[in-house]
Structures are given as structure tokens and as C-alpha cells.
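1. need coordinates for the following:
(one chain, ligands or ions: 1)
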Amino acid sequence: MLNFYDTSTEPTQAMLDAMTHAKVGDDVYHSDPTVNELERLGASVLGHEDAIFMPTGTMSNLSAVIAAAGRGTEVIAEADSHIVYYEAGGMAAVASVMPRTIVTDDGVLTAERVEPYLRKPDNHYPQTAMVCIENTHNRAGGTVTDVPTMAGLRALCDEHGLHLHVDGARIFNAAVSLGVRAADLAGPADSVSVCLSKGLSAPVGGLLAGSAEFVARARRARKLLGGSMRQAGVVAAAGIVALQTGIDRLAEDHQRARRIADGLASVSGIRVLTPKPVTNFVLVDVAPSGHTADEVVASLEGHGVNASSRPPTTIRFVTHRQVDDDDVAALIKILTDVIGEPPT
Ligand SMILES: Cc1ncc(COP(=O)(O)O)c(C=O)c1O
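-> Presented below is the predicted three-dimensional model:
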């Protein structure tokens, strides 16, 4: 199967070798040397004092909310952000905070967009505690938040005493796209969650970075959520290789996303929603063909291609390490054929 999800990436041979030889200890007592090394490396790459290894991006985001926002407070997030849309309502169900969502056309929260949503001090209102942005933004099609926008958000959060969290599951894609260091994007925030799986292709795990004091609180939240692992160095070893070897090559994934967008631009029945992808996402609307996204995705599957349906008519393709130039050409041909078939 050709998988156009970056969540399908498999570990490299170098990762498997590192996993085989990893030195381990009990990370619940912070004594796994490989986890400790990954956390030190992650903190430095992200421009923060400390970091903690997390099993998933979802737990990382939820731990950040628990660590930074009190019960009954409000967390400002983009309406289509992963933390609001795809994390099982954890911020409400577990952290007891209120999401206050902002609708945007491109997934990017700027200081100007956030400012009107901040609560004034008044006993009637929940208190705003946190602003959570997503870089790159998944549902908006891999859009990026740049360094000046981060500076604006930092100034706004400082002015109002708010915690600024970045869901940076794909922040390395944003950094490569913008030609800056991940630390330039993550450093201005109070916390950042990054995935070592997905584009960086470690089999599992992520990091949550921030001040030592914040990370200590996140460590307690991770424990509460059942995410403290014992000999986790076996998987952390792959994360070290991911950070060392996985970032620069993301530019290739971005070029291939552009090629897919270009290749589909002239196919009738398809409207490319991201004609100039800046990272590794391509969104297409199949409405002009008369098909639904579910129908096209099912047909693609029959031809050996997996992609994500966003009903009613949007399909998402994400490039990654295991998608090469031949796969891009194959996708364009297969999708062109599938879309040309009459709707069932
Ligand atoms: C933007 C974003 N944040 C967080 C996550 C959650 O990561 P995980 O699947 O590791 O829980 C994802 C997963 O796709 C994501 O796209």
C-alpha cells in the first residue's frame, strides 16, 4: 500500500540499531540514561530549559493544559485545531478547562485574532489561562506560524499573564519551510509539544519542552494520565536518531507535496485547495467530480493508495520519508483515473 499519512512512517535502520543497543533504566525514577539524553537534546533543539519524553502528542498537549491551566479556566485555541478536534475532548473531560475557539481561514492564530477573545476581569467570566496554537496546522493543510507571529503572541501573552503553548507536532516542518531553527519558533512559547513519530519517523513518542518548573508539573500530569514508562530508553533511542537525522530531509517531503499539487492542478473534477503547499500536506476537493471524499478514498484503497477522507468532499494527502518520486507519480495517475470514473 502507498500510505499518504505521515503517521504511517516506519523507523529507519539506524533507529532500529539504536533501539537494539539502547542503555535503559527506570524512567519513572528519571534514571533511564537514553531518555535523559533525548530530553536534554530535545530541550536544546527547541530552545527550552527542559523537556519530558511523552508517549504521544495527545498526552503531551493534555499534560501541558493540566500543568498550565487551572480547573474552570479558558484555553484559547483555533476552532479546527487538533487539541479541539481530535483529542477526545480531553481538555474538558480530564483537565476541566473550557476551550474558547477562534475560527480562521488558515489555522493561524495571530495576536490580532486572539486579543478580542481575551476575558476581562469579571466574576461572570471564566478566566483566560492559556493560548494554544498549532504549528503546522493539520486541518488547515500544513500551514505555518512564522517568527514575527510568535513574537506578537509572546507580547500579548506577557501583557495578559497567559501561558503560550504550541502544539508543534510538525514544528520541524514549519521550521524547514521557513528556513529557521525549530528553537526560533518554539523558544518564544512557554511550552511546546513535538512529535518524534510522524515526519521524523520514530516509531512512537514525542517531547514536551518548557522551563524546568513547567516540566516538573508536566511530569506529574504525565504520571496522573498513566504515561510514565519504565525502560522507555528503547523507544527514546529512536527519538534521538529522529532529531539528529530527520529534520533537514523534511524539505524533500515538501517538494513532493508541491509536485502532487502541481500534478493535480489540471485534473478535471479536482480542485486543489492547497495549490502551493508550504509543507507536506495537500488538500483536494473532489466535489466538481460528483464523487464524495469517502467514495474516492475507497476507490483509491482498491488501487493500493491510502489517504484521509474529510467528508463531505475533501481528501488529504501527506508526504513523508516513505513516499518517493515514483509514489508521487503513481498517486497522480491513480487519482486521475479514479476521479474520471462515473460516480456510483
Ligand atoms: C497537530 C497534531 N497535534 C497532535 C497530534 C497527536 O499526536 P498523537 O497521535 O501522537 O497523539 C497530532 C496527530 O496527528 C497532530 O496532527
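2. give me every residue that touches the closest residue to residue 12 other than its chain neighbours.
-> Leaving aside its chain neighbours, residue 12 sits nearest to residue 201 (6.4 Å; criterion: C-beta to C-beta, 6 or more residues apart in numbering). Where C-beta positions appear, they are placed from N, C-alpha and C, glycine not excepted. Counting by C-beta atoms under 8 Å, 6 or more residues apart in numbering, residue 201 touches 9-12, 15, 242, 246, 320-322.
3. contacts for the strand or helix carrying residue 133?
-> Here residue 133 sits within strand 128-134, counting by DSSP states H and E. Strand 128-134 is contacted from outside by 61, 64-65, 68-70, 73-78, 81-83, 97, 100, 107-109, 114, 117-119, 145, 153, 156-157, 160, 162-169, using C-beta under 8 Å, 6+ apart.
4. list the buried residues of that strand.
-> Of the residues in strand 128-134, 128-134 count as buried by neighbour count, 16 or more other C-beta atoms under 10 Å.
5. and if you look at stretch 33-44?
-> Neighbour-count burial for stretch 33-44 flags 34-39, 41-43 (criterion: 16+ other C-beta under 10 Å).
6. sorry, back to before: contacting the ligand as well, which ones from the contacts of residue 201?
-> Applying C-beta under 6 Å from any ligand atom to the contacts of residue 201, one finds that nothing falls near the ligand.
7. dump the residues you listed to JSON lines, plus distance to residue 262, pLDDT and secondary structure.
-> Listed next are the contacts of residue 201 as JSON lines, based on distance: C-beta to C-beta, whole Å; pLDDT from 0 to 100; DSSP: H, G, I helix; E, B strand; the rest coil:
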{"residue": "9", "distance to residue 262": "24", "pLDDT": "96", "secondary structure": "coil"}
{"residue": "10", "distance to residue 262": "27", "pLDDT": "96", "secondary structure": "coil"}
{"residue": "11", "distance to residue 262": "31", "pLDDT": "97", "secondary structure": "coil"}
{"residue": "12", "distance to residue 262": "28", "pLDDT": "97", "secondary structure": "coil"}
{"residue": "15", "distance to residue 262": "32", "pLDDT": "98", "secondary structure": "helix"}
{"residue": "242", "distance to residue 262": "29", "pLDDT": "98", "secondary structure": "helix"}
{"residue": "246", "distance to residue 262": "25", "pLDDT": "97", "secondary structure": "coil"}
{"residue": "320", "distance to residue 262": "19", "pLDDT": "98", "secondary structure": "coil"}
{"residue": "321", "distance to residue 262": "21", "pLDDT": "96", "secondary structure": "coil"}
{"residue": "322", "distance to residue 262": "21", "pLDDT": "96", "secondary structure": "coil"}
